[in-house]
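*Asks:* Here is a sequence together with a model predicted from it:
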Amino acid sequence: MSETLEGTIERVTFTNEETGFAVIKVAIPGRTTPTTITGSFPTPTPGETFSAQGNWHEDPNRGKQFKATSISTKAPTATAGIEQFLASGTIDGIGPSYAKKIVAKFGEETLAIIDHNSKKLEDIPGIGSKKRKEIKASWDAQKTTRKTMIFLHGHGIPPARAAKIYAEYGEGAEKLLKENPFALADDIAGIGFKTADSIAAKIGVADDDPRRLGAAALHALEHAASQGHCALTEPQITAKIADLTSTDAKSFATANTLAALVLQEALRREEIGSKQLYFLPRLFWAEHHVAAHLATLAKRGHGYPKIQPQAALTRAEKTTGTTLAPSQRACVLAALERRILIITGGPGVGKTTIVNTILTILKEAKVAPVLAAPTGRAARRLSESSGIDATTIHKLLEYQPGRGFTRNRDTPIDKGDLFVIDEASMVDITLMAAFLQALPKNAHLLLVGDVDQLPSVGAGAILRDIIDSGVIPVSRLTEIFRQAAASHIVQAAHAINSGDLPELNTPPQADFFFIEREAPDEAAKTILHLVSQRIPKKFDLDPIRDIQVLTPMHRGPLGTSTLNDRLQQTLNPQSHTTPATRNFRPGDRIIQLRNNDDLGLSNGDIGTITHLTQDPPLLHALFDNDRTASYGTAALDELSLAYAITIHKSQGSEFPCVVIPLTTAHHVMLQRNLLYTAVTRGKRLVILVGSHRALTTAITTATSGHRTTTLAQRLKLATS
């Protein structure tokens, strides 16, 4: 049976700002020794009085404790508690010394004096008009903040997240949430529909309230976009609304809500074929703009009038000392004769050779090339292979935090004749739309990528949709050339992509290996040994900088969470950490989990923690794109350890060595294009660790990773 304890907070021994969990020592009337209470507190401060409901339990290490299920606090009334409260540093301008003087002067009336008659504080020696105003301003701000934080905490929002809400809305947070709690999901990073819906339920929002159904509809489309879809069919969106809200999918309320959102232009509805599709407006217009601009390029058709393709190609072969195969020559000629061309193919088929030959020809003709890629890693590889500076698409479009792309339809890119976009398969629909709208009017475009890899992390399937439309010229390369054919990585990748089992009994000097481990625990132990000892010793690779574990999933014994914990303990066990920075340590390999415009970082950027500071508590990191960043406690949810990352997160990257766990524990993710993408991330060495059964399952599961998009249909219509 639940008990109630009341008393005074003496000290706070531990708090977790993310969850609100705290351990406090309290004084209970009638007890001679302090009592330990654990539970979720809004803002525990020494000196406050409290009331807690819960039960006693015996902690094996700390003895008897009171585990609170609910706690409320209020400002102290006794002089000892008031002095302790003020001495805690809660109010700017008051420390232990002034706390003692103020309480000695005003006693139990102290807090009332500060609140309603602060002028009297100037009676205290050392407190003049300026300091008194500082104390009063801090008191007022603290009182407002505290009231809001207690309201948010009472609705299940932990302190770190509540701080974000208060920073966004200020003292109007409580009023706004009561009017429309679903605004949280739109305005605050890390707060989704479920959290907002929980708050809405607590303040009495009805199940079929249009605000609730509308928020569910938009959440469903946002979630679909995170899975790569540009739209949902009418049955899909109504079913998802019903699932999120536990309401009738075919109710009039749902139908009316969708109709109202369309009228408000909060979403778009379009009939394509026999299907009614619902779009987020940004994705609808992105597909529209991409189709229109690509169609315009395709209709222009002509290449470079001043270049004689055959003669120019012959001279380029002499200049580079490279004799192209017939398929490569055909590809180069197509690029010279067309305004737009797609070059696609797997590893070792000569995409780099073709691009460099085209660039050699254009240099001779004084045509200015501009090279770009979706990620910093991909741009650096493009620079290294071509000898020409390449940049990210974001930098090319002069992205600025808070403003977006400053190169756009009204202010197009003011340089370049030929634009080469490498790793085009990982460009999502919104980035492609922004790029094409900023493209100079007379530009030529070359899209290079591997259509058989996983599509972009963001919405869309750009490369596949353009190819499937049949209206844009495509050079699909399949011939593997001699030097690349000597690589077991290249052989394995093409075998996998063809649905065949690669050669697994490779010689000791090979660059591709399969190590059979049936049980996930055994596979994990083998991976730890490989990464920490065998690979660094045999191949002279740094275990943190050069070796990347790529796994299909987040959870399980071979998921990113477990592997990161074990790899951190193995590779970076002694580094200093602090409670404020959770388990992150200097030297850790980390990955950015979402776009952060203020830091100039993108989802998937990888870096290293350089150092931690305690006052203030900050984590400092250097990323592979040479950007430095600092994170406070509330922003740490943007980071994860990156000793092991998902295969999806590895898109566009290349690593000296990749180690890939592959067991039947990953059954839902065992797909051919996933494995193919993972294998093609390795530059010098690829090692698969797992079972034959899992490998066979992945190779024979040929899923296209279907995404609901309409770009192919729009392209056909735009060019008809």
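*Replies:* Ah, there it is.

*Asks:* Please count neighbours and contacts with C-alpha atoms only from this point.
*Replies:* Fine.

*Asks:* can you give me phi and psi for residue 259?
*Replies:* Main-chain torsions, residue 259, degrees, to the nearest 10: phi -60, psi -40.

*Asks:* For stretch 317-325, could you pull out the residues that count as buried?
*Replies:* Under the neighbour-count criterion of 16 or more other CA atoms under 10 Å, stretch 317-325 has 317, 324 buried.

*Asks:* How far off centre is that stretch?
*Replies:* On the basis of CA atoms, centre = their mean, to the nearest Å, stretch 317-325 sits 43 Å off its chain's mean C-alpha point.

*Asks:* got the CA coordinates for it in CSV?
*Replies:* C-alpha atoms of stretch 317-325 as CSV (Å, rounded to 0.1, in the frame of the first residue of the first chain):
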residue,chain,number,x,y,z
GLU,A,317,42.7,8.8,-74.9
LYS,A,318,46.1,9.9,-76.0
THR,A,319,46.3,12.6,-73.3
THR,A,320,45.4,10.2,-70.5
GLY,A,321,47.1,7.1,-71.9
THR,A,322,43.9,5.2,-71.5
THR,A,323,42.2,3.1,-74.2
LEU,A,324,38.5,2.9,-73.4
ALA,A,325,36.4,-0.2,-74.0
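
*Asks:* Now do the helices in the stretch 501-650 of the chain.
*Replies:* For the stretch 501-650 of the chain, the helices defined by DSSP state H, counting those that start in this stretch occupy 520-529, 535-539, 560-571.

*Asks:* In a markdown table: those, plus distance to residue 252 and mean neighbour count.
*Replies:* Converted to a markdown table, these look like this (distance: least, CA to CA, whole Å; neighbours: other CA atoms under 10 Å):
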| stretch | distance to residue 252 | mean neighbour count |
| --- | --- | --- |
| helix 520-529 | 50 | 18 |
| helix 535-539 | 62 | 13 |
| helix 560-571 | 43 | 19 |
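
*Asks:* Of all those, which one is nearest residue 229?
*Replies:* helix 560-571 (24.6 Å; CA to CA).

*Asks:* The longest helix out of those in the chain - contacts with which helices or strands?
*Replies:* When the chain is parsed with DSSP state H, its longest helix is helix 129-154. Using 3 or more CA pairs under 8 Å, 6 or more residues apart in numbering; DSSP states H and E, the elements in contact with helix 129-154 are helix 110-116, helix 159-169, helix 173-179.

*Asks:* ok now that helix, how far from the chain's centre?
*Replies:* On the basis of CA atoms, centre = their mean, helix 129-154 sits 34 Å off its chain's mean C-alpha point.

*Asks:* Please identify the most buried of the helices and strands packed on helix 129-154.
*Replies:* Of the helices and strands packed on helix 129-154, the one with the most neighbours on average (mean count of other CA atoms under 10 Å) is helix 159-169, at a mean of 19.

*Asks:* mind checking which of the helices of the stretch 501-650 of the chain is nearest residue 270?
*Replies:* Nearest to residue 270, of all these, is helix 560-571, at 39.4 Å by CA to CA.

*Asks:* ok, residues contacting that closest one?
*Replies:* Helix 560-571 is contacted from outside by 524, 528, 532, 543-544, 551, 553-557, 588, 641-646, using CA atoms under 8 Å, 6 or more residues apart in numbering.

*Asks:* Among these, the buried ones, what's the PyMOL command?
*Replies:* Here is the PyMOL command that selects the buried residues among the contacts of helix 560-571 (16+ other CA under 10 Å):
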select buried, resi 524+528+532+543+544+551+553+554+557+588+641+642+643+644+645+646
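
*Asks:* Now, the contacts of helix 560-571 that are in strands?
*Replies:* Under the assignment DSSP state E, those contribute 551, 641, 644, 645, 646 to strands.

*Asks:* Can you lay out those as TSV showing pLDDT?
*Replies:* Listed next are the ones in strands among the contacts of helix 560-571 as TSV, based on pLDDT from 0 to 100:
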residue	pLDDT
551	92
641	94
644	95
645	95
646	92
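
*Asks:* quick one: which two of the residues you listed are the most distant?
*Replies:* Largest separation among the ones in strands among the contacts of helix 560-571 by CA to CA: 551 and 641, giving 13.4 Å.

*Asks:* per-residue confidence for residue 18?
*Replies:* pLDDT for residue 18: 57.

*Asks:* Tell me how many other residues crowd the nearest residue to residue 630 once chain neighbours are set aside.
*Replies:* Closest residue to residue 630 apart from its sequence neighbours, by CA to CA, 6 or more residues apart in numbering: residue 620 at 4.4 Å. Residue 620 has 17 neighbouring residues, counting by other CA atoms under 10 Å.

*Asks:* Hmm, residue 620 is touching residue 632, no?
*Replies:* No. Judged on CA atoms under 8 Å, residue 620 makes no contact with residue 632 at a distance of 9.2 Å.

*Asks:* weakest of the helices and strands packed on helix 129-154 in terms of mean pLDDT?
*Replies:* Note on the helices and strands packed on helix 129-154: helix 159-169 shows the lowest mean pLDDT, a mean of 72.
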